[in-house]
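[1] predicted model and sequence below, questions to follow.
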Amino acid sequence: MKEKTVRDAKPSQAVLEAEVDRLRIELFVARRALIYMASRDFQDIFRGVFGCKTRNEAFDWFRSAVEKAVKRVKPRPAQEMGDSPHNGPRAYCPMCGASSDRLSQIQGFSHPHGLRRHLKGSHNTRQCKVMKAALELACEPAMDTGPYLQLGALRKRGATQPKR
């Protein structure tokens with residue numbers, strides 16, 4: 001007869017649920033920390049992130065936040081950013097400080113289109129990690145499955161709730 005080892009033992013459902021809850025809380029805290037990486041001048045854009053109850057509200061908030069950020073950024077002349085003057089102004093991401101992935105010495109993103117694409121993650125661009133975390137936080141209350149923190153489900157099981 002084969003002896004059972006510690007590796008063979010399966011954790012109970014309660015242990016697994018507790019671990020998932022712990023990881024979800026850690027993910028929530030990490031995402032919240034990411035949005036505080038944005039410049040202080042842009043922190044007010046995130047005020048509505050925790051007020052979204054549906055995915056539609058979350059995506060409406062996100063689109064509005066992107067437009068506010070793009071409008072508020074003060075772009076710099078293309079020449080200062082290593083680009084040709086006829087290409088128009090450029091700006092670093094105000095949320096994460098990123099620049100375009102070009103191999104040349106050109107800095108920042110074209111303003112407004114390149115910056116908007118970066119913030120949204122559209123047109124095959126690398127999305128701003130801060131805005132991605134903010135959108136995921138905004139969507140959490142509306143998500144039934146996936147790696148989203150369900151505060152209501154956690155409260156029902158008696159887990160502690162992270163402070164918002």
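    Received it, and whenever you're ready, just let me know what you need. Numbering: from 1, shown residues only.

[2] low-confidence bits of the protein, can you list those?
    The chain contains residues with pLDDT under 70 at 1-9, 103, 143-164.

[3] let's go with 90 and repeat that
    Along the chain, the parts satisfying pLDDT under 90 run over 1-14, 24, 36-40, 48, 85, 100-106, 124-125, 140-164.

[4] show me where it has its helices.
    13-35, 55-72, 113-120, 129-139, 151-156 (DSSP state H).

[5] in stretch 26-37, what's buried?
    For stretch 26-37, burial by neighbour count (16 or more other Cβ atoms under 10 Å) applies to Leu27, Phe28, Arg31, Arg32, Leu34, Ile35. Using the backbone N, CA and C atoms, a C-beta is placed for each residue, glycine as well.

[6] so what's the fifth one closest to, chain neighbours aside?
    Put plainly, it is Leu34. In this structure, Leu34 finds its nearest non-sequential neighbour in Ala133, 3.9 Å apart by Cβ to Cβ, 6 or more residues apart in numbering.

[7] quick revisit: quick one: which of the helices of the chain is nearest Met95?
    Met95 lies closest to helix 129-139 among these, at 3.9 Å (Cβ to Cβ).

[8] residues contacting Arg90?
    For Arg90, the contacting residues are Pro75, Arg76, Ala78, Met81, Asp83, Ile106, Gln107, Gly108, Phe109, Ser110, His111, Gly114, by Cβ atoms under 8 Å, 6 or more residues apart in numbering.

[9] quick check: Thr125 touching Leu115?
    No. If you go by Cβ atoms under 8 Å, Thr125 and Leu115 don't touch, sitting 9.9 Å apart.

[10] wait, doesn't Gly121 sit right on Lys129?
    No. Using Cβ under 8 Å, Gly121 is not in contact with Lys129, being 9.8 Å away.

[11] which ones are touching the residue nearest the centre of the chain?
    Centre of the chain computed as the mean C-alpha position; nearest residue by Cα atoms, centre = their mean is Ala133, 1.4 Å away. Shown in contact with Ala133 (Cβ under 8 Å, 6+ apart): Ala30, Arg31, Arg32, Leu34, Ile35.

[12] could I get those residues as TSV with distance to Lys71?
    Compiled in TSV, the contacts of Ala133 are given as follows (distance: Cβ to Cβ, whole Å):
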residue	distance to Lys71
Ala30	29
Arg31	25
Arg32	25
Leu34	22
Ile35	19
